[in-house]
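S.K.: model the following, please.
(chains A and B)
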Amino acid sequence: NAGVIQTPRHKVTGKGQEATLWCEPISGHSAVFWYRQTIVQGLEFLTYFRNQAPIDDSGMPKERFSAQMPNQSHSTLKIQSTQPQDSAVYLCASSLTSTDTEVFFGKGTRLTVV
Amino acid sequence: GDSVTQTEGPVTLSEGTSLTVNCSYETKQYPTLFWYVQYPGEGPQLLFKVPKANEKGSNRGFEATYNKEATSFHLQKASVQESDSAVYYCALGGTNTGKLTFGDGTVLTVKP
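M.R.: Modelled structure (predicted):
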């Protein structure tokens, strides 16, 4: 079990460019979560999927951020027109089911917008 | 909405001394409470969870009791080790969901 895999581990983008972050959940897990971690805001929930369907995106910024889960083996978080304030560590997590409270996190992608 | 407040860090201790990290929460749900630990370059890892009020969770010498009346879930360890140096997060999960609300984290440094 390789755990939740996130790629890339580090990404640097120029202001205004697009960034796509990838997540491969643990095989067999049906729930996938995205969180953002910053020094100022801490760990913030962004969105989650159950069986590939979006269930709760209440933490997603209304503009420029989107998440998809095209199949059970990966999810993407896309940020359009990146801004310096988007710089953060983006964490993906998965759990066996959406009612399972034991969630496993990946190592995160550190996004730096210059 | 849900919220979690925990001891502001950083906390610096000498090896062998005791640790308490305070955690209080607000919610209208019947939550599961968690302590997570995060090491540099890693994602948060579950230390332990407690789904029911008045029960205690423990792992690796750390323990916490889910106190529903006081809405608290304080983390304690009798004797810390240098390897315990990390960031500790108290978190709240809704009933039957993996969605978590985290506290701000407490940075613990243990000196030999």
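S.K.: where in chain B is pLDDT low?
M.R.: Scanning chain B for pLDDT under 70 picks out B:95-97.
S.K.: please name the nearest non-neighbouring residue to residue A:42.
M.R.: Distances taken as CB to CB, 6 or more residues apart in numbering or on different chains place residue B:104 nearest to residue A:42, at 4.7 Å, with adjacent residues excluded. For every residue, glycine as well, the C-beta is placed using N, CA and C.
S.K.: since we're on the residue in chain B that chain A sits nearest to, how many residues are nearby?
M.R.: Nearest residue of chain B to chain A (CB to the nearest CB) works out as residue B:43 at 3.1 Å. If you count neighbours by other CB atoms under 10 Å in any protein chain shown, residue B:43 ends up with 23.
S.K.: is it true that it touches residue A:93?
M.R.: Yes: between residue B:43 and residue A:93 a contact is recorded at 7.2 Å, counting by CB atoms under 8 Å.
S.K.: who touches both of those two?
M.R.: Residues touching both residue B:43 and residue A:93 (CB atoms under 8 Å, 6 or more residues apart in numbering or on different chains) are A:4, A:105, A:106.
S.K.: quick check: the last one touching residue A:22?
M.R.: No: Residue A:106 is not in contact with residue A:22 according to CB under 8 Å; the separation is 10.0 Å.
S.K.: comparing those two, which shows the higher neighbour count?
M.R.: The residue with more neighbours, out of residue A:106 and residue A:22, is residue A:106; 23 against 14, by other CB under 10 Å.
S.K.: pull the contacting residues for the more buried one.
M.R.: A:3, A:4, A:5, A:6, A:23, A:91, A:92, A:93, B:43.
S.K.: how about the residues of chain A by chain B?
M.R.: A:4, A:31, A:33, A:35, A:42-43, A:45, A:48, A:56, A:91, A:93, A:95, A:98-108 (CB under 8 Å from any CB of the partner chain).
S.K.: can you list which of those residues are found in strands?
M.R.: A:31, A:33, A:35, A:42-43, A:45, A:48, A:56, A:91, A:93, A:95, A:104-105 (DSSP state E).
S.K.: what's the neighbour count on residue A:63?
M.R.: Neighbour count of residue A:63, defined by other CB under 10 Å: 8.
S.K.: same check, this time on the one 4 residues further on
M.R.: Look at residue A:67: counted by other CB under 10 Å, it has 21 neighbours.
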